[in-house]
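J.: just need the structure, nothing else, for what follows:
(2 chains)
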Amino acid sequence: MAEIRCSNCGENNPDFFDTCQFCQSPLKSESTIQTGELPSEKDTDELEPILPEWLQDVRQQSRDTEEDETFSPETKPKIRSVEPVDLLAGLASQDDSEEDEVPDWLASINPLDDEKSVLLSDSDDEEKEETSDFFAQFSQIKEPEPSDTQADETAQMDTTPLTDDTESQEAGQTDELADWLSQSTAESSEPVSFGEFSSDAEDGSSTDELGVTEPLKDETPAEQESEDLSWLHDLEASSRQADEVPASEKETAFDIPAAQPESSDEDLSWLDNLGGVRASAAETPAQSESSDDDLSWLNNLGGTPTPAADEPVPAEAESSEEDLDWLDNLGGTPPPTEEESALAQTESAQEDLDWLKDLGEPSASAQEDPAALPQPESSEEDLDWMKNLGDTPPPTDEESRPAQTESAQEDLDWLKDLGDPSASAQEEPATLDQPESSEEDLSWMEILGDTPASETEEPALSETASSDDDLDWMKNLGEEPGSLEPETPSVEYTPAHTAPLDETAGQDSTPDWLKSAMEEPSMPAPGDLSMDWFTDMESEKETEAEATDEVQEIFDLHSDEASDLSVSEPASEATSLDLPFDDSSSTSQQDLDAMFDIDIPEVSQEGGGIEQSESVSADLSAAGDESLSPVDLPSWVQDMRPVDSAIAGTSTVEYDEQETESEGPLAGFSGVIPSAPIGSSLRPKAFSMKLQVTDEQQAGAELIEQIIASESAAPAAAPHAEIASQRMLRWILSAIFVIVLSLVIGIGSQSFSIVAPGRVSQLSDLIGAVPEGSPVLLVVDYQPAVAGELAAAAGPVLDQLALSRQSTFTFLSMSPNGSAMAEHLMANTNISSPLESGGLGYQPGVQYFNAGFLPGGSTGVLGFINDPVSIKPEALSLANVNSFSGFEAVILMTDNADSGRVWVEQLEIAKQAQPEIASKPLVVISSAQAGPLLEPYVSSGQANLLINGLSDAAKYEFVNQSRPGIARAYWDSFGVGLMIAVLSIILGSLWNIFTGVRERRAEAEQG
Amino acid sequence: MRIVTAVLAIASGLIVLFGYFFPEQLSGLRDLLVDWAVIIAGMAVLVGVANLVFVQMEKVRTRDRNGLYGALLVISLIFTFGLGLVFGPEHISMQAVVNAIIIPVEASLLAILAVTLVYASIRLLRRRTDVISVIFLISAVLFMLAIMPTPFGPFPLDQLITFFVGMFSRGGARGLLIGVALGTLLTGLRVLFGVDRPYGGN
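T.: Reported below is the predicted structural model:
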């Protein structure tokens, strides 16, 4: 019998018990869902009370958030149609065929796999070459045709948003930022294209138009550049005044040939220190001083003051690529060394994007192969700062070298370890060698959200009115969306909202992938403690609802897109990355790490998932914001909800309270589903064995029983009419026999003749051989029923012996009635009758002797034959003999074939043992019924003569002169009786045959 | 006890059997055992008579429906036994009892048997009409016809019929006797080997 273990007391109970027999606690829940059953859909509002606290809190927060969103549309959940153009999102449309390929830098984003990321960072050189990085394409394309490629890449960058979003305004905003970034990565030979694209984008022209680079190049973008990047000049000026960033530090891989106009170079110089990363002063060559000056303010954009003495005045025309050098240190990436900067001047624009590499991982650049040093720097390297965007340790000089020399494919490696604190921590020692400027630059990241006053004041000093407007978007980097807290940095960074970006662009400049990353998840990731950074960096709403899976999807999407990124994409990506670096935000570099350090829920993977989820829920509740709308409750949450226990209202067994398996393969595990079937309530309950029937049902049952009994009972046999006739027949037969025989006997008829056969003479010869006066043994072995027959059969023999031989008779009875039969025989045969009455006058004890009964059957016969003295001594004494052989003849009178057989056989044996007996005759007188069985002994010679019944007796009597005449008296009646019997049998048989045939025929006619 | 009885029975049988083969050595012991058997058989008759009296007396004591016949039987037995002891079997009174009671009663029963056999023969073909029944009836009729005396002398072909019927009857009788002899031999062997224990046990 199955048993159910009580969850309360732990005792085993039979499965048919609903409550524990020991503690009376319920064993089963009526609402238990069996394994394999799908939870039915229910209104979540009804189930609201049963949800866990953390879910309730989340839902409550989401409701509150919805209410807030009605007042502040900026905090609305992600609506892609309203979102600004996602520059990276368009990458997917560029090459759908390679969507499956995931770049390494995205593959290593998973913060859980630290070791893997470290390994990946160790093998950056190889991976960068192998990875189908868009930077590689960029470099490859750009080298042969720098200007054209740049234009194309910019066009690709711009076309990407169009595929996702058709709003021209947003596309234009994004294009503007992409343009200047792409221009910064462009070669020095074509610096004009940046301004052209930006102007086009600013004009709101479609990306298709932007894609046409040649006509745009023809146009003179001087004025547009001044408009677009003027804020950069101001920004750089302010940073130069505050920190005096040396020109050498500002030189980055964005170095552009001197042929480039200074204006374009200067516009992007501010980006050098956008992340607070100090531009490498040593690297700044004289050629790029102008551009360095322009972007020098970016070195301290993060709030880290850069020594003003270090910043040379960038009067010369620097390449736009150098202007983006500040991005190298945005995430704490150390500025390139002087040697590197010298090399960077000759690098292509693709290398300028290497700053992105260090945005999340400076260590990657530190491990780069120094063999790549002689390679010219390109604009790709400028993006290396992106590598360390989320990492604190800035790359060392040695690290920056390979980063500069690496191909564009390597540039995206920074995303591999983006947000990987472990990898960065391991490589922190390498960052010790970084110049102070870079370290200081990283400091701004730590207080990115705090926006120290010293940091904010610096750009304010040099910024112009136009630049203030342009950098407004920078002011809100990291600022909580929707929060309109007036902060000084926001005022000072107003140049971020300058011409390239309008106000809406500044507000919605966050790319999709970051938006989605910062977007509220449908539910908190269980066990993800790193989600706090969302709370600090973004609004509480955004941080609480961040979903791990969505982030993962976003990164996957971008990884697919980034596999074929063109030159323009890094620019757009860089633009999109502006948001986390908002001065007003409290996001630090660690927060950036945490952004990508989202753990995948491991509820199903580990047993401690519940605790993790609880901790997460606690964190979320602590966040105190409503980021989860009720309708966003994912289906998997609905599936996971504890429906049964909650609905039933029963006390849910705590996880800790669940019993731990003590035996079996699951020993040690707690919360194991018990072997007893769950939900035994579905089983049929025990019912009373007593049958409850109504009176009507009982009556019906009795009726059925009667019917069945009547079927099984044998029907009474119909009386046959033949019984009377049969009984009558018997009476008729009896009457016939009695009447006829009585008449025959009564008449005394002796009309029937007797014909003596030839063997009758044998009897006379045998009796004649008996010596006269010799004793003769007479064995009386018959019943009184046949006394008349045997008397008639034995009469002629005894009469002849007594009359002719005067033999003495010794009667030996084989039955208790034998003595009486002997007397009856002697009387009926008239032997004992007096002579006067016609008898022979034999006297008992004188002429005949009645020896009595011989017991023992065959044994008595054997004993009497072998030793008559011992067995029946009086028989010998009476007969005056000494042994059995003293009897001259043995006459056996029997109606029993067995008794006659015993005497015949024993005498035959005695004849063999005693030869004197062999000459003594044995005469067998039997009834008609025993005659046929004794006939064989006569035929074999073992008996001398057989007188069988009345028929033989009559013949012997006829030969003996009809003495004593008994047989003759019965002869006529005997004949009449036989005739009646024969006729009755014949006639009766014929009648029965006739009647039988008639009945069968009648039955055949009836069918 | 069962082993003792078996040993005694087997030993007695073997002694009597081997007494035929070695009469000089075992004849005395054989005769002694046969005497004991005859005495035991005589006592068994007395035990049987005593059992008959006790059973019928029990019926009388319990007032059974046939208790009256039992009482009559017991009284007749005691009267005849006493009469025989006093006057002996040759006394006229004893002969009167036998001739007046015992022989007519038993002869009447045998007469009823004759009528019953005739009736059965008549009904045989009604109940069972087959070859065996017909043969049985024909054999009986022919045998009776052969022995049947007639006013005109013996039945024609009586000798042939007697021989024909006698041949079959003798053949059948011999077969029966041989079968009885084999059965007796086998039974004796089984008793000697202890397989059958008619004296008790299995």
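J.: ok and the residue in chain A nearest chain B?
T.: Chain A approaches chain B most closely through A:G988 (2.7 Å), counting by C-beta to the nearest C-beta. Glycine gets a C-beta too; all of them are placed from N, C-alpha and C.
J.: right, and the helix or strand after the helix or strand bottoming out on mean pLDDT in chain B?
T.: Least confident helix or strand, chain B: strand B:153-154 with a mean of 75, by mean pLDDT, DSSP states H and E. Next helix or strand after strand B:153-154 toward the C-terminus (DSSP states H and E): helix B:158-192.
J.: tell me the mean pLDDT over the top helix by length along chain B?
T.: Longest among the helix segments of chain B by residue count, using DSSP state H, is helix B:23-61. For helix B:23-61, the mean pLDDT works out to 86.
J.: do that helix and chain A meet?
T.: Yes: residues of helix B:23-61 contacting chain A under C-beta under 8 Å from any C-beta of the partner chain: B:23, B:27, B:30-31, B:34-35, B:37-42, B:44-45.
J.: remind me, longest helix of chain A?
T.: The helix that spans the most residues within chain A, counting by DSSP H, is helix A:966-1006.
J.: elements contacting it?
T.: Helices and strands touching helix A:966-1006, by 3 or more C-beta pairs under 8 Å, 6 or more residues apart in numbering or on different chains; DSSP states H and E, are helix A:722-747, helix A:787-800, helix A:949-959, helix B:103-127, helix B:131-147, strand B:149-150.
J.: the second one vs chain B: in contact?
T.: Looking back up the chat, that one is helix A:787-800. Yes: counting by C-beta under 8 Å from any C-beta, chain B is contacted by helix A:787-800 at A:787-788.
J.: which strands and helices lie in contact with that helix?
T.: If contacts are counted by 3+ C-beta pairs under 8 Å, 6+ apart, helix A:787-800 sits against helix A:760-768, helix A:818-828, strand A:889-894, strand A:922-926, strand A:945-948, helix A:949-959, helix A:966-1006, helix B:103-127.
J.: quick one: the helix or strand that the longest helix of chain B is followed by to helix A:818-828, angle?
T.: Downstream of helix B:23-61, the next assigned helix or strand under DSSP H and E is helix B:67-87. Taking axes from the mean of the first three to the mean of the last three C-alpha atoms, to 10 degrees, one finds helix B:67-87 and helix A:818-828 inclined to each other by 70 degrees.
J.: residue ranges with poor pLDDT in chain B?
T.: Applying pLDDT under 70 to chain B flags the ranges B:201-202.
J.: confirm that A:V693 sits in a helix.
T.: No: secondary structure assignment (DSSP: H, G, I helix; E, B strand; the rest coil) places A:V693 in coil, not in a helix.
J.: tell me the contacts of it?
T.: A:A701 (C-beta atoms under 8 Å, 6 or more residues apart in numbering or on different chains).
J.: B:R127 is in contact with the residue of chain A closest to chain B, correct?
T.: No: checked against C-beta atoms under 8 Å, the pair A:G988 and B:R127 is beyond contact range at 11.8 Å.
J.: and the two? Which one has more around it.
T.: Shown here are A:G988 and B:R127; by other C-beta atoms under 10 Å in any protein chain shown, A:G988 has more neighbours (22 against 10).
J.: tell me the pLDDT at that one?
T.: pLDDT, A:G988: 86.
J.: skip the chain neighbours and tell me the closest residue to it.
T.: In space, and not counting its chain neighbours, A:G988 is closest to B:I122: 2.7 Å by C-beta to C-beta, 6 or more residues apart in numbering or on different chains.
J.: tell me the contacts of the one you found?
T.: A:729, A:733, A:984-985, A:987-989, A:991-992.
J.: tell me which residue in chain B sits closest to chain A.
T.: Checked against chain A (C-beta to the nearest C-beta), the nearest residue in chain B is B:I122, 2.7 Å away.
J.: contacts only, for the nearest residue to B:G166 once chain neighbours are set aside.
T.: Sequence neighbours aside, A:E935 is the residue nearest to B:G166 in space, at 7.2 Å (criterion: C-beta to C-beta, 6+ apart). A:E935 makes contact with A:946, A:948, B:166, B:169-170, B:173, according to C-beta under 8 Å, 6+ apart.
J.: show me which pair in those is furthest apart.
T.: For the contacts of A:E935, the maximum inter-member distance is 12.7 Å, found between A:L946 and B:S169 (C-beta to C-beta).
J.: look at those two and report which has more neighbours.
T.: Set A:L946 next to B:S169 and count neighbours by other C-beta under 10 Å: A:L946 wins out with 23 against 18.
J.: in the sheet, who's paired with that one?
T.: For A:L946, the beta-bridge partners are A:V924 (DSSP bridges).
J.: any idea which element A:T810 lies in?
T.: Going by DSSP H and E, A:T810 is part of strand A:808-813.
J.: contacts for that strand, please.
T.: For strand A:808-813, contacts defined as C-beta under 8 Å, 6+ apart pick out A:773-781, A:798, A:801-802, A:818-819, A:821-822, A:826, A:842, A:847-854, A:864, A:872, A:875, A:878-879, A:887.
J.: report the buried members of those.
T.: Taking 16 or more other C-beta atoms under 10 Å in any protein chain shown as the criterion, what is buried in those is A:774-781, A:798, A:801-802, A:818-819, A:821-822, A:826, A:842, A:847-854, A:864, A:872, A:875, A:878-879, A:887.
J.: could you list which of these belong to helices?
T.: Reading helices off the buried ones among the contacts of strand A:808-813 with DSSP H, I get A:798, A:818-819, A:821-822, A:826, A:864, A:875, A:878-879.
J.: how about those in a markdown table, adding pLDDT?
T.: Putting those into a markdown table (pLDDT from 0 to 100) gives the following:
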| residue | pLDDT |
| --- | --- |
| A:L798 | 88 |
| A:G818 | 84 |
| A:S819 | 82 |
| A:M821 | 86 |
| A:A822 | 86 |
| A:M826 | 85 |
| A:F864 | 85 |
| A:A875 | 75 |
| A:L878 | 75 |
| A:A879 | 73 |
